[in-house]
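Novice: The following block contains a protein sequence and its predicted model.
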Amino acid sequence: MTTAWSTFPVQFTGGLVTNISPLQQGINAVGSAFILQNFEPSLDGGYRKVAGYSKLDDAQLSGSGVVQALAIVENEDEERFIAARSGVYYLINTTDANPAWASKATASSTGFTRARHVSYNFNNALKIVFVDGTNYPVYYTDSNQTMAYITGSGTGQSAVNGASTVELFKSTLFFGKGTELVFTAPYSDTDFDPANGAGSIGLNSEITGLKVYRDALIVFCRDKIMRLTGSSSADFTLSAITEDLGCLSADTIQEVGSDVMFLGPDGLRTLSSTERIGDFGIDVASKNIRPTVTELQTFSQSFSSTVIRGKAQYRLFSYVSGETVDVAKGVLGTKFIDQGGTGFQWGELKGYKCYITDSQYIGDNEFIIFANTDGYIYRMENGTSRDSSNINAIYESPFMPITDPQKRKTFYKLDLYIKPFGAVNVVAGVRYNQNDRDKIQPATFTLSSNAGGGGFYGNSTAIFNTTTYGEPRTQSFNNNIVGSGNTVALRIEDNSSDAAFLLDTAILEYAENNRK
């Protein structure tokens, strides 16, 4: 009697899930990942191997220790970047023939931990202000590429000595210092005179971050979140969004899509507008990866974050000073719906040691940069390696029972549909019965294709010399497999500097055996 084969498709979607058991996950979330390392859930569908990073320039910052400040200058004509190390601020223009870091200002107290900044343009003058929690603010002026600290001699300027956060709202600069919110006179960055419209607002909780969202300034505190509305000191009004939770780190606050992401005591949350005018929703976005985020919080209290706007993606990095680059971790989340935390699919990053980050457009190009302790600035989403080291990308599915978890299945074929963007050389395999040590597991096999760079003529996404081609088509990799089990898991690994590829779908062919 001929054995009847059945087909079981696995569509790669759902992202990393670590908050339920692998068997529950295999039953309820087929296509999600038990391990998703250096893969990102893609807006185009499937899981794509992450891009790499490389040095922004070979010039190294002087000094020692961590890079304390990092900023991209929003100048469409030239690529300028600001960084601080050992209390000294430097500027580099990477479009120069021989780029070099030029010192611009030195803090009176050089041992500050981290500086935060905001860009603004008053009277057609592009400027950036930095605050570090220890010194007076320091101001960069792009027109003459100079930096200068305020001295505190002006009326009210002493109130911002030691400010740790800064934001622009309604043509006014707001500074967070302890429990006090200090703001300048309108259209002025150094006028703190109350007679001219400057002032301060006292809160009963430490300010941990500031972010403009819609028509309000969101004031994140240690144990509450407030919003400030109005247009001047005459009508500024502070009201509570929630008094039940707060934000733990200013460096985790980012606007991604139409939400604001931040790290709360119970994980990553989103601040979203609701259908009710003036109301907000606060959702837990990292519920699916709660143990992963908890682990990051357990081993470090130092974080940085960034957004990749072209991918609707949020990235959070945990920094541990003694860790090597190869084991440094973070998480990434791709936003699939307009609003709310439930619309994120997650993955894990490994090999990204980021102490401080910044992201911004220069002209039409999005720059995502980061730094740590080696004195170099790195550009993320650039190249196919980690500054010449391999990217170890791993996808592992949960153990899937397919039908009845008490029935044994015999497996015959695994077809993998992969969209390559270059040569493909990955290791794949299957595992049975929760990796039972008493169960003989089949050997892995290699998927290899050198035709990944091919494409179809007539589109605009690939160019060879002057000829334009399109993106490569998805390829099918057919593999015979052996073995049987009650449950099965897939594993795909690429530890190389090869080009990215996208995991689309897997199809298992199997026969179900009689119940014993």
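Specialist: Noted; the coordinates are in hand.
Novice: use CA for all of it now, contacts and neighbours both
Specialist: OK.
Novice: Can you tell me what sits against the longest helix anywhere in the chain?
Specialist: Longest helix in the chain by number of residues, with DSSP state H as the criterion: helix 290-299. Residues from elsewhere that reach helix 290-299 (Cα atoms under 8 Å, 6 or more residues apart in numbering): 18, 19, 267, 268, 286, 318, 320, 329, 330, 331.
Novice: for the nearest residue to the first one once chain neighbours are set aside, what are its contacts?
Specialist: It refers to residue 18. Among residues not flanking residue 18 along the chain, residue 289 sits closest, at 5.0 Å (Cα to Cα, 6 or more residues apart in numbering). By Cα under 8 Å, 6+ apart, the contact set of residue 289 is 16, 17, 18, 19, 346.
Novice: In strands only, show me those.
Specialist: Among the contacts of residue 289, the residues falling in strands (DSSP state E) are residue 346.
Novice: Give the buried subset of the contacts of residue 289 as a ChimeraX selection command.
Specialist: To isolate the buried members of these in ChimeraX, using 16 or more other Cα atoms under 10 Å:
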select :16,17,18,346
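Novice: of all the contacts of residue 289, which comes closest to residue 152?
Specialist: Set against residue 152, the nearest of the contacts of residue 289 by Cα to Cα is residue 346 (45.6 Å).
Novice: coming back round to it: same for the helix or strand just after the longest helix of the chain, what does it pack against?
Specialist: Following helix 290-299 in sequence order, the next helix or strand is strand 303-308 (DSSP states H and E). Packing contacts for strand 303-308, counted by 3 or more Cα pairs under 8 Å, 6 or more residues apart in numbering; DSSP states H and E, involve strand 254-256, strand 313-318, strand 356-362, strand 365-371.
Novice: Looking at these, which one is packed in the most?
Specialist: Among the helices and strands packed on strand 303-308, strand 313-318 has the highest mean neighbour count (mean count of other Cα atoms under 10 Å), at a mean of 25.
Novice: State the next helix or strand along the chain beyond it.
Specialist: strand 329-335.
Novice: And the contacts of that following strand?
Specialist: With Cα under 8 Å, 6+ apart as the criterion, strand 329-335 contacts 40-43, 256-257, 293, 296, 311-319, 343-353.
Novice: buried subset of the residues you listed?
Specialist: Buried among those (16+ other Cα under 10 Å): 40-42, 256-257, 293, 296, 311-319, 344-353.
Novice: Tell me what residue 308 is bridged to.
Specialist: Note on residue 308: beta-bridge partners by DSSP bridges are residue 313.
Novice: tell me the contacts of it?
Specialist: Contacts for residue 308 (Cα under 8 Å, 6+ apart) come out as 314, 315, 359, 366, 368.
Novice: For these, give me a markdown table that also has distance to residue 185 and pLDDT.
Specialist: Formatted as a markdown table, these follow (distance: Cα to Cα, whole Å; pLDDT from 0 to 100):
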| residue | distance to residue 185 | pLDDT |
| --- | --- | --- |
| 314 | 34 | 97 |
| 315 | 35 | 98 |
| 359 | 28 | 96 |
| 366 | 32 | 95 |
| 368 | 32 | 98 |
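Novice: Serialize those residues to a markdown table and add fields for distance to residue 227.
Specialist: Listed next are the contacts of residue 308 as a markdown table, based on distance: Cα to Cα, whole Å:
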| residue | distance to residue 227 |
| --- | --- |
| 314 | 23 |
| 315 | 25 |
| 359 | 25 |
| 366 | 30 |
| 368 | 29 |
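Novice: Ends of stretch 97-104, what's the gap?
Specialist: Using Cα to Cα, to the nearest Å, the end-to-end distance of stretch 97-104 comes to 20 Å.
Novice: So which bits of the longest helix of the chain are buried?
Specialist: 290, 291, 292, 293, 296, 297.
Novice: With just CA atoms, put that helix into PDB.
Specialist: The C-alpha trace of helix 290-299 is given here as PDB (Å, rounded to 0.1, in the frame of the first residue of the first chain):
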ATOM      1  CA  ARG A 290       9.600  39.700  27.800                       C
ATOM      2  CA  PRO A 291      12.300  37.200  29.100                       C
ATOM      3  CA  THR A 292      14.800  38.600  26.500                       C
ATOM      4  CA  VAL A 293      14.300  42.200  27.500                       C
ATOM      5  CA  THR A 294      14.400  41.300  31.200                       C
ATOM      6  CA  GLU A 295      17.800  39.600  30.600                       C
ATOM      7  CA  LEU A 296      19.100  42.800  29.000                       C
ATOM      8  CA  GLN A 297      17.900  44.800  32.000                       C
ATOM      9  CA  THR A 298      19.400  42.300  34.400                       C
ATOM     10  CA  PHE A 299      22.900  42.600  33.100                       C
END
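Novice: now that helix, how far from the centre of its chain.
Specialist: 16 Å (Cα atoms, centre = their mean, to the nearest Å).
Novice: what's the angle from that helix to strand 303-308?
Specialist: 130 degrees (axes from the mean of the first three to the mean of the last three Cα atoms, to 10 degrees).
Novice: Can you report phi and psi for residue 135?
Specialist: phi -100, psi 180 (degrees, to the nearest 10).
Novice: and it, what is it in contact with?
Specialist: 107, 108, 109, 161, 162, 163.
Novice: One more: residue 7?
Specialist: 507, 508, 509, 510.
Novice: what helix or strand is the last one on?
Specialist: Under the criterion DSSP H and E, the helix or strand holding residue 510 is strand 501-512.
Novice: give me the low-pLDDT residue ranges for the chain?
Specialist: Where the chain drops to pLDDT under 70, the residues are 1-3, 273-279, 451-472, 516.
Novice: Closest to the centroid, which residue in it?
Specialist: In the chain, the centroid-proximal residue (Cα atoms, centre = their mean) is residue 315; its distance is 1.2 Å.
Novice: Residue 499 versus that residue, what's the distance?
Specialist: Applying Cα to Cα to residue 315 and residue 499 gives a distance of 21 Å.
Novice: Equivalent analysis for residue 14, please.
Specialist: 23 Å.
Novice: go on, residue 339?
Specialist: For residue 339, the distance to residue 499 - Cα to Cα - is 32 Å.
Novice: same question, residue 403
Specialist: Where residue 499 is concerned, residue 403 sits at a distance of 36 Å (Cα to Cα).
Novice: between those two, who's got more neighbours?
Specialist: Each of residue 403 and residue 499 has its neighbours counted (other Cα atoms under 10 Å); residue 499 has more, 20 against 14.
Novice: Where do the helices of the chain begin and end?
Specialist: Remark: helices assigned in the chain by DSSP H are 22-28, 290-299.
Novice: Any chance of a markdown table for these, columns distance to residue 429?
Specialist: Shown next, in a markdown table, are those (distance: least, Cα to Cα, whole Å):
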| stretch | distance to residue 429 |
| --- | --- |
| helix 22-28 | 17 |
| helix 290-299 | 25 |
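Novice: Can you say which of the ones you listed is nearest to residue 65?
Specialist: Taking Cα to Cα, helix 290-299 is the member of the helices of the chain nearest to residue 65, at 20.0 Å.
Novice: residues contacting the spatially closest residue to residue 337 that is not a sequence neighbour?
Specialist: The shortest distance from residue 337 to any residue other than its chain neighbours is 5.0 Å, reached at residue 343 (Cα to Cα, 6+ apart). Applying Cα under 8 Å, 6+ apart to residue 343 gives the contacts 285, 335, 336, 337.
Novice: Now do the phi/psi pair for the last one.
Specialist: Spelled out, it's residue 337. phi -130, psi 160.
Novice: residues near it, how many?
Specialist: Residues near residue 337, counting by other Cα under 10 Å: 13.
Novice: and it, how far is that from residue 94?
Specialist: 37 Å.
Novice: Strands of the stretch 1-150 of the chain, start to end?
Specialist: For the stretch 1-150 of the chain, the strands defined by DSSP state E, counting those that start in this stretch occupy 6-11, 35-37, 39-41, 47-49, 53-55, 67-72, 80-85, 88-93, 102-106, 116-122, 125-131, 138-141, 146-149.
Novice: so what's residue 141 up against?
Specialist: So residue 141 contacts 125, 126, 127, 128, 147 (Cα under 8 Å, 6+ apart).
Novice: Appreciated, that's everything.
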